[in-house]
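Peer 1: Got a predicted model here, sequence first, then my questions.
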Amino acid sequence: MINTGKFDKIVVGAGAGFLLPVIISLLFYIFSSGDRTIAEYFGRIVTANILTHVISLCVFSNLFLFLVFNRLDMLQATRGVLGITIFWALVVFAIKFLV
């Protein structure tokens with residue numbers, strides 16, 4: 001049996017739920033940027049009006065975290081992932097409808 005007690009915290013889940021989409025977006029940059037700088041790459045994403053699509057695709061990886069934490073019975077960490085996923089959803093809605 002895996003001892004997950006010290007990692008079963010809301011802060012751990014929120015941190016993982018925030019960092020995983022950032023890492024996924026950096027992987028998108030590495031594999032699809034060509035010879036552009038990171039500023040040019042994200043500028044092109046904004047110009048193409050697909051920023052909300054890219055953020056949503058990156059946040060989709062939180063589903064994996066949610067299921068892993070739930071399977072390991074780390075319910076506090078699962079709550080943190082869910083909370084930060086709702087935060088990302090609010091960011092997407094704000095960009096889509098307010099900008």
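Peer 2: Structure's in. What do you need?
Peer 1: could you give the mean pLDDT of whichever helix or strand L19 is part of?
Peer 2: Using DSSP states H and E, L19 sits within helix 10-32. Mean pLDDT, computed over helix 10-32, is 94.
Peer 1: helices or strands up against it?
Peer 2: helix 38-47, helix 51-59, helix 62-71, helix 75-98 (3 or more C-beta pairs under 8 Å, 6 or more residues apart in numbering; DSSP states H and E). C-beta: built from backbone N, CA, C; applies to glycine.
Peer 1: between these, which one is nearest to F28?
Peer 2: Closest to F28 of those is helix 51-59 (C-beta to C-beta; 7.0 Å).
Peer 1: Does that closest one pack against any helices or strands, and if so which?
Peer 2: By 3+ C-beta pairs under 8 Å, 6+ apart, helix 51-59 packs against helix 10-32, helix 75-98.
Peer 1: Below-threshold pLDDT in this protein: ranges please.
Peer 2: Across the chain, the ranges flagged by pLDDT under 70 are 1-2.
Peer 1: returning to that earlier point: please spell out which residues along the helix holding L19 are buried.
Peer 2: 10, 12-14, 16-18, 20-21, 24-25 (16 or more other C-beta atoms under 10 Å).
Peer 1: and the gap between the most centrally placed residue in the chain and N62?
Peer 2: Nearest to the mean C-alpha position of the chain, counting by C-alpha atoms, centre = their mean, stands P21 at 2.7 Å. Between P21 and N62 the computed distance is 7 Å (C-beta to C-beta, to the nearest Å).
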